[in-house]
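need a 3D model of the sequence below.
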Amino acid sequence: MAFNLKNSPLMYDVIVIGSGLGGLSSALALAKAGKSVLLLEQHNLPGGCSTSFVRGRFEFDAALHEFCALGEDGHLGYAGKLLKEEYGIDIDTCCAPELFRAVLTSRSGQYYDVTLPFGEEAFTKALEKAVPGNKDAVEAYLSLSKECYEVSQYFDAHMFLKKKRNGDVKISALHFMKHYFRYLQVAEEPYNEVCRKLGMSEDVIDILNCYRVYLGVDGNTISFAHLATMIYSYIAYKPGYIIPNSHALSLSLQEKFESYGGKTFFGVKAIHVEADKKGNITGVSTDHGFFACKGVIANMYPLSAYNGLLSPNIKVPMRERKRYKAAPPSSRFVNIYIGLNKSIEELGIDEYTLFYPGDLRYPRLTNGPLDYLQAAATHYNRIYPEASPKGTSIMTLTLEFEDDIWANVPVQDYFKTKEAIAKKAIAEYEEVRIKLYKYVIVIFLVVVTTDLFTKSNNTKDIVTFIKNKESI
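Residues are numbered from 1 along each chain as shown. Down below sits the predicted model:
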């Protein structure tokens, strides 16, 4: 709803700032638990990056390439269970026919064009066929990755089943150490290092590292638990997609949130989280006035919260400030949205996700806006045939840049530079796939907001400060 003070309570249990998927999910969970919740969003629509836009005849998903741990009815992953079973969200979903196709030359100089299927056995066979001699290492990798995934499920189960002791979630340390001892040993180690310890060849590591173009962090930096959990969820539950696009999920979450009595105010910008001298939150000041509350959840980049949003009376642990200040910026991204006047059948495209990082023997130098590190293509009609009008198709090229590519681009050259990036990206796609440019009827390049990411184990956090939690 638009901003309206009518019938608003004098005091909310929790105010959620930002209606990205994290904010929507948090708000819904609290409202479902019987709390009075106000969701503030400065935009006029919910979802943040989980939205869509229209250009010509085509509607493009702004950010979602594939949904992790969604699964299918009867075989849901933890995200699917959360959305469909815990939250009761009624959405249509579909799954990709394979994990991905990768075309690359590894650091050893070996050329690969490999398509990896879902399912542990099929995944192992495909990698062994592509890179012989890795069967045992891949099986060990899958076993450890499954344990990392089960740890996530263990915590989720305790949260949802509300197994609590003294007001806190009850976790059995003995059970954890007995069943997940390997996780404790490797969770925070770099992904590539753990793969090597398992005996995995560098060529297999290169193939699996193709996922970095979605994460902005390479395998030498990201934790094993983070990336292995994600990949295993794809292997076990398939890459998922929301029909018709991710904005449908955002709208469904907001609708369900309000069905539990939650309130959403659009066009309201949070300016400051207020607190008394003891650090207890008293409310949120906005450009439309003050709203009292007992706690706040901010769905935003932590440093933005620490450096202006929060009252000085709210003491942020120094370790948290240091953690984010010390982490260098991760990769930047450019998305190129393309509408084509041919169907994917006419074009001969038979994969959903294509990674093409190029020749890894020669790391790319990022000297300017035309020097991207890796690229991926997403062919939406392969997974959802009605993604575009009949006889057409849509796709997205995602490019990863190591540095701020616009820092040295003069304002007058901005649009010319975007056009040059798009032409180069399409040309490189054509080298590994099909001739594309002559079928393009809509092309739109977006520089993805990049201050959301840092090179740490967590690519984005929800900042939560709740005081007097026993009263919330």
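
mind checking the SS state of the most far-flung residue of the chain relative to its centre?
Each residue of the chain has a distance to the centre, and by CA atoms, centre = their mean the biggest one is for K277: 37.0 Å. Three-state assignment for K277 (DSSP: H, G, I helix; E, B strand; the rest coil): coil.

pLDDT score for it?
Here the pLDDT value assigned to K277 is 93.

could you list the low-pLDDT ranges of this protein?
For the chain, residues meeting the criterion pLDDT under 70 lie at 1-9, 157-171, 324-330, 365-367, 448-472.

the residue farthest from the centre of the chain and A298: what is the separation?
21 Å (CB to CB, to the nearest Å). Glycine gets a C-beta too; all of them are placed from N, C-alpha and C.

over to E150?
Applying CB to CB, the value for E150 to A298 is 30 Å.

A126 now?
42 Å.

the more surrounded of these two?
A298 (26 against 19; other CB atoms under 10 Å).

quick check: that one touching I15?
No - with contact defined as CB atoms under 8 Å, A298 does not reach I15; the gap is 9.2 Å.

now do the shared contacts for the two.
A270 (CB atoms under 8 Å, 6 or more residues apart in numbering).

residues in contact with D113?
D113 makes contact with R101, A102, V103, according to CB under 8 Å, 6+ apart.

sheet partners, orientation included, of the host helix or strand of it?
Using DSSP states H and E, D113 sits in strand 111-116. Partner strands and pairing direction for strand 111-116 (DSSP bridges) are strand 100-105 (antiparallel).

give me the distance from the strand it pairs with to the chain's centre.
21 Å (CA atoms, centre = their mean, to the nearest Å).

which residues are contacting that strand?
For strand 100-105, the external contacting residues (CB under 8 Å, 6+ apart) are 111-116, 206-207, 210, 239, 351-361, 432-433.

count of residues packed around D73?
D73 has 8 nearby residues by other CB under 10 Å.

residues in contact with the nearest residue to it once chain neighbours are set aside?
Using CB to CB, 6 or more residues apart in numbering and skipping residues adjacent in sequence, the residue nearest D73 is K84, 7.7 Å away. If you count contacts by CB under 8 Å, 6+ apart, K84 has them with D73, L76, I91.

in a helix, K84, correct?
Yes - according to three-state DSSP, K84 belongs to a helix.

ok, back up a step: list the buried residues of the strand holding D113.
Judged by neighbour count (16 or more other CB atoms under 10 Å), strand 111-116 contains these buried residues: V114, T115, L116.

which residues touch the second one?
When contacts are counted by CB under 8 Å, 6+ apart, T115 touches E98, F100, R101, A102, A126, E351.

of the buried residues of strand 111-116, closest to R57?
Using CB to CB, the shortest approach to R57 within the buried residues of strand 111-116 belongs to T115, at 30.3 Å.

turn the buried residues of strand 111-116 into TSV, columns for distance to L347.
Output for these, formatted as TSV (distance: CB to CB, whole Å):
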residue	distance to L347
V114	21
T115	17
L116	22
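
just to revisit the earlier point, of the contacts of D113, which is the most crowded?
Neighbours here mean other CB under 10 Å. Within those, the largest count is held by A102, at 25 neighbours.

partner residues bridging that one?
With DSSP bridges as the rule, A102 is bridged to V114, F355.

that one and P46, how far apart?
Per CB to CB, A102 is found 35 Å from P46.

same check, this time on V447
Counting by CB to CB, the gap from V447 to P46 is 23 Å.

out of those two, which sits in the busier spot?
Taking neighbours as other CB under 10 Å, V447 and P46 compare with P46 leading, 27 against 16.

quick one: the more buried one and S252 touch, right?
No - using CB under 8 Å, P46 is not in contact with S252; the gap is 9.9 Å.

take the contacts of D113 and lay them out in a markdown table including distance to V217.
Shown next, in a markdown table, are the contacts of D113 (distance: CB to CB, whole Å):
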| residue | distance to V217 |
| --- | --- |
| R101 | 22 |
| A102 | 18 |
| V103 | 22 |
